[in-house]
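# Quick one, what's the 3D model for this:
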Amino acid sequence: MTKYLISLMLISGINCQYIYGQFIVPIQTDRPDQTECPFIVPPKHFQVESGFVYEKTGKGESRLFYPTVLFKYGVNTKFELRVVTELITINDYAGKTSGLNPVKIGFKTKLFDEKGILPATSFIAHLSAPVLSAKKLRTTYYAPDFRFTMQHTISNNISFGYNLGAAWDGETATPAFLYTLTCGFSVLPKAGVYIELFGFAPQTNKSDHRFDGGITYFVQPNFMIDVSGSVGLTANAPAYYASLGLSVRLPD
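Residues are numbered from 1 along each chain as shown. Now for the predicted structure:
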């Protein structure tokens, strides 16, 4: 049983290792892939998932996140509160712009447990607040985003996750639809790898599609590190990104 449970620690944002008795479930994160996991932070626990990201968006253009941070608090077994902050430096044709992106405030709620062909499913929603941002990065309007996140256990050491949703940019009324498809593999008791396809489909522009992959490692049950990277698959997608992340969970 222990061997089976350890094999579920998959990097596809799932990281599912269930240990009974006096131990708690090891940290389960929404990073480093783009596929958010369907699992809720344990009640009365506070979790921080941070990442430093360098993204090459075009010739002579780039973005540096230093860092992007997701703060999560488990209210109960079916609901968590979420806050997303991003310190960013943008280099483009207009020059260099640095500061705080609009802060996102939201929640995740559990909808279904995995049962047969029914995937583990949760719903995530955020609202970005222009007032909580650097003036140069402030959007005109409040901007919502949402997604349904699903996960299937394929075997003892393979899992498949996917998201479907939409996001608004705070400037127009038209959303960009989003999708993610990720497959995670447990390779060692404390390590996993993933590969992923994800993309965005704006209503008024061409879709962009990307491929990424990475590695996670559990230093301790409540502390995880990760390394990941992505390449663009279409002409309008960023050329690549590279990321290093740290995630920690603390009791209330």
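# Just the pLDDT at Lys104, thanks.
On pLDDT, Lys104 comes in at 98.
# so how far is Asp33 from it?
18 Å (CB to CB, to the nearest Å). (Glycine included, C-beta is placed from N, CA and C.)
# So these two - more neighbours on which side?
Asp33 (29 against 20; other CB atoms under 10 Å).
# so that one makes contact with Val227?
No - using CB atoms under 8 Å, Asp33 makes no contact with Val227, being 11.9 Å away.
# Quick check: neighbours shared by these two?
Residues within reach of Asp33 and of Val227 at once, by CB atoms under 8 Å, 6 or more residues apart in numbering, are Gly214.
# ok, Lys190 touching Gln220?
No - contact criterion CB under 8 Å: Lys190 and Gln220 do not qualify, at 9.4 Å.
# In terms of neighbours, single out the busier of these two.
Legend: neighbour count by other CB under 10 Å for Lys190 and Gln220, higher for Lys190 (17 against 11).
# Torsion angles phi and psi at the more buried one?
Main-chain torsions, Lys190, degrees, to the nearest 10: phi -110, psi 0.
# Contacts only, for Phe148.
Phe148 makes contact with Leu111, Thr121, Ser122, Phe123, Ile124, Asn163, Leu164, Gly165, according to CB under 8 Å, 6+ apart.
# So the first one belongs to a strand, correct?
If I follow you right, that is Leu111. Yes - using DSSP: H, G, I helix; E, B strand; the rest coil, the assignment for Leu111 is a strand.
# Skipping its backbone neighbours, what lies nearest it in space?
In space, and not counting its chain neighbours, Leu111 is closest to Thr121: 4.5 Å by CB to CB, 6 or more residues apart in numbering.
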